[in-house]
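> The sequence and its predicted three-dimensional model are supplied below.
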Amino acid sequence: MAMESLHYCPSPSSYLTRWWSNETVAVVTGGNRGIGFALVKRLAEFGLNVVLTARDKQKGEAALETLKAQGFTANLHFLLLDVSDPLSISNFASSFQAKFGPTLDILVNNAGVSYNDLDENSVEHAESVINTNFYGPKLLIQALLPLFRSSSSSITRILNVSSRLGTLNKVRNAGIRGVLEREELSEEDIEGVVGKFLRDVKNGTWKRQGWPSYWTEYAVSKLALNAYSRVLAKRYSCKGSELNLSVNCYCPGFTQTSMTKGKGTHTADHAASLAATLALLPPHLLPTGKFFLLPNNNTNFLNPISKL
Ligand SMILES: NC(=O)c1ccc[n+]([C@@H]2O[C@H](COP(=O)([O-])OP(=O)(O)OC[C@H]3O[C@@H](n4cnc5c(N)ncnc54)[C@H](OP(=O)(O)O)[C@@H]3O)[C@@H](O)[C@H]2O)c1
């Protein structure tokens, strides 16, 4: 994958021309802790209307209370959402519509799981990881598409929180890589790849099939999420598409959260601050179909890799 010479430096003063208002609506999944929680806070600081979602009502409400105690009162909301449960997604879409109508400006698919410790590579939870990290965002996007704001003056945005572990260069099987690199990649192609992985796991053959070698089940889930983001970005950048929608992926790097048992090169606040910069790029700087990487060396540059 070729790196572009362009780097996005998340300096609010140079990049964040304020195109949004206090009516701009952002949804963050998995907002009760980690990067999601820090991102909800950051977006609220910027004055957006933020919907913190969580799969557990108590945890979600507690997170909301924590933020309210810090002074964020007017512009924060909580709605229940388990991205691994299609019924919960459908209920969430209905609740969102009832409360906000078709006004969604920014969707951040942040919720994610990994069941491995840093030095493990079990695929015991492959199905659950794929359901949460790939099918969850996909079904949620499909349910929310009719609720994105239709506006000629702004661009609606989807930011998928992904991982460098799921980039194409981690796939050692040339056949699988070839499918995912197709110019005319389809949703069926991606589901075919995911289905093959789950069959390989079931048959006990996954180790010899050239799948990514580190955190394999998680890497495949993010590989599929990246591929789906590419399909969507292409669909909505066509002339005449019904939505003015940008779709990008963001790898927050090795971040100190529960997922890494607190290990990492930087804090969730740092990762979230760069995610907010990306989600809030002004229309003239906002790309689509890009994979952004926060380096693990604590620098402030986001490197967009040209192709998802
Ligand atoms: N930390 C890293 O180094 C790193 C690196 C690359 C990418 N990422 C990605 O960053 C994102 C955030 O992860 P994190 O590091 O902040 O991890 P985290 O602290 O473990 O937070 C994960 C969040 O996702 C939620 N979640 C899990 N399954 C869900 C479901 N089915 N429905 C709704 N919410 C669900 C969790 O809710 P509960 O509290 O209910 O479990 C929690 O709020 C993930 O997509 C992850 O893959 C993280």
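That came through, no problem.
> The residue of the stretch 101-250 of the chain at minimum distance from the ligand sits in which helix or strand?
Distances between the stretch 101-250 of the chain and the ligand by C-beta to the nearest ligand atom are smallest at residue 112, namely 2.5 Å. Just so you know, the C-beta spots here come from the backbone N, C-alpha and C atoms, and that holds for glycine as well. Following DSSP states H and E, there is no helix or strand that holds residue 112.
> now swap in residue 77 and tell me
Going by DSSP H and E, residue 77 is in strand 76-80.
> Likewise for residue 107?
Per DSSP H and E: residue 107 is located in strand 104-109.
> any residues touching the strand holding residue 77, and which ones?
With C-beta atoms under 8 Å, 6 or more residues apart in numbering as the test, strand 76-80 has contacts from 40, 44, 49-55, 57, 60-61, 63-64, 67-68, 88, 91-92, 95-96, 99.
> Narrow those residues to those in helices?
Taking DSSP state H as the definition of helices, the contacts of strand 76-80 contribute 40, 44, 57, 60-61, 63-64, 67-68, 88, 91-92, 95-96, 99.
> Which of the residues you listed ranks first by neighbour count?
residue 40 (32 neighbours; other C-beta atoms under 10 Å).
> what's it in contact with, if anything?
Counted by C-beta under 8 Å, 6+ apart, residue 40 has contacts 28, 31, 50, 52, 63, 67, 76.
> Residue 176 contacts residue 193, doesn't it?
Yes - applying C-beta atoms under 8 Å, one finds residue 176 in contact with residue 193, separated by 5.8 Å.
> In this protein, where is pLDDT below threshold?
Low-confidence segments of the chain, defined by pLDDT under 70, span residues 1-16, 297-307.
> Spatially, what comes nearest to residue 145 if we skip its sequence neighbours?
Among residues not flanking residue 145 along the chain, residue 243 sits closest, at 7.2 Å (C-beta to C-beta, 6 or more residues apart in numbering).
> From the contacts of strand 76-80, list the ones also adjacent to the ligand.
54-55 (C-beta under 6 Å from any ligand atom).
> ok, which residues in the stretch 151-300 of the chain are in contact with the ligand?
So the stretch 151-300 of the chain meets the ligand at 161, 163, 251-252, 254-255, 257-260, 264, 268 (C-beta under 6 Å from any ligand atom).
> got the contact list for the spatially most central residue of the chain?
In the chain, the C-alpha nearest the mean C-alpha coordinate belongs to residue 160, at 2.0 Å (C-alpha atoms, centre = their mean). Contacts for residue 160 (C-beta under 8 Å, 6+ apart) come out as 108-109, 137, 225-226, 229, 247-250.
> Is it correct that it falls within a strand?
Yes - assigned with DSSP: H, G, I helix; E, B strand; the rest coil, residue 160 falls within a strand.
> Bridge partners for it, pull those for me.
In this entry, residue 160 is beta-bridged to residue 109, residue 249, by DSSP bridges.
> just to revisit the earlier point, the residue nearest to residue 145: how many residues sit nearby?
Using other C-beta under 10 Å, residue 243 has 15 other residues around it.
> element containing it?
Assigned by DSSP H and E, residue 243 falls outside every helix and strand.
> could you measure it against residue 233, distance?
For residue 243, the distance to residue 233 (C-beta to C-beta, to the nearest Å) stands at 12 Å.
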